[in-house]
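# Just to be clear, the model below is a prediction. Sequence and coordinates:
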Amino acid sequence: MTTALENTQKNIGRNDKCPCGSGKKYKKCCMKIHKLQQEAKKTSRSANDLIDKETSAWSFYKLLRDASAQNLLNFLYDLTAEEGPFRKKHPNAESFFKTISDGELRAFGSEGFQLMRIRHDGDQTLLVLARGLDSKQASHVAFEVFTLKDCGTGLRIWDLETLEKTKNGLAANPSFEDLGIAWSWAK
């Protein structure tokens with residue numbers, strides 16, 4: 001069964017006026033969000049099917065990386081903890097998709113990011129991913145710092161912090177301290 005949205009998308013060209021009534025071309029208005037909605041409808045297994053209390057931080061990272069590579073946005077959203085700060089910023093999947101569509105956030109662990117560090121710190125685990133560290137052309141390095149917590153059914157993304165540092169003066173293999181991340185017991 002097809003929805004009105006799917007029928008509209010099949011019948012509209014990227015240079016036609018957007019069906020939302022804004023007067024803009026479809027490609028400049030709602031096309032990106034419609035594509036993200038279609039991607040989100042892809043069927044995938046749920047996070048609970050793949051993550052349990054025995055799942056390690058390394059295995060969690062591999063799931064995160066693979067889901068990002070396949071653009072499984074619903075699954076990425078399911079990796080976040082319902083009661084965590086990330087979900088307070090993005091209370092539903094649609095707001096998460098819109099933030100990605102607007103360019104304010106990238107799909108987690110997106111292309112070019114590599115796992116740099118894992119640290120277990122009390123009841124949380126930190127994953128640090130970096131992009132641009134090995135690039136000779138890049139003047140900045142982008143970091144994604146994931147705070148993971150066990151929410152009863154296994155690890156989930158509690159929060160995400162994005163950082164950007166200039167390469168000038170940054171160690172070749174920066175530590176948590178170089179990134180300004182203190183141990184939780186030291187706070």
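Yes, it's here.
# In contact with the residue nearest the centre of the chain, which residues?
With distances taken as CA atoms, centre = their mean, the chain has residue 108 as the residue nearest its mean C-alpha position (2.3 Å). The neighbours of residue 108, taking CB atoms under 8 Å, 6 or more residues apart in numbering as the test, are 64, 68, 76, 79, 144, 146, 157, 160. Just so you know, the C-beta spots here come from the backbone N, C-alpha and C atoms, and that holds for glycine as well.
# please redo it, this time with the cut-off set to 7 Å
Residues in contact with residue 108 (CB atoms under 7 Å, 6 or more residues apart in numbering) are 64, 68, 76, 144, 160.
# Just give me the closest of the residues you listed to residue 123.
Nearest to residue 123 among those is residue 160, at 17.4 Å by CB to CB.
# if I look at residue 133, how far off is residue 75?
In this structure, residue 133 and residue 75 are separated by 27 Å, where distance is defined by CB to CB, to the nearest Å.
# ranges for the strands of the chain?
Counting by DSSP state E, one finds strands in the chain at the ranges 114-121, 124-131, 140-150, 155-166.
# Determine which of the ones you listed approaches residue 19 most closely.
Of all these, it is strand 155-166 that lies closest to residue 19, at 33.1 Å by CB to CB.
# For that closest one, what does the pLDDT average out to?
For strand 155-166, the mean pLDDT works out to 92.
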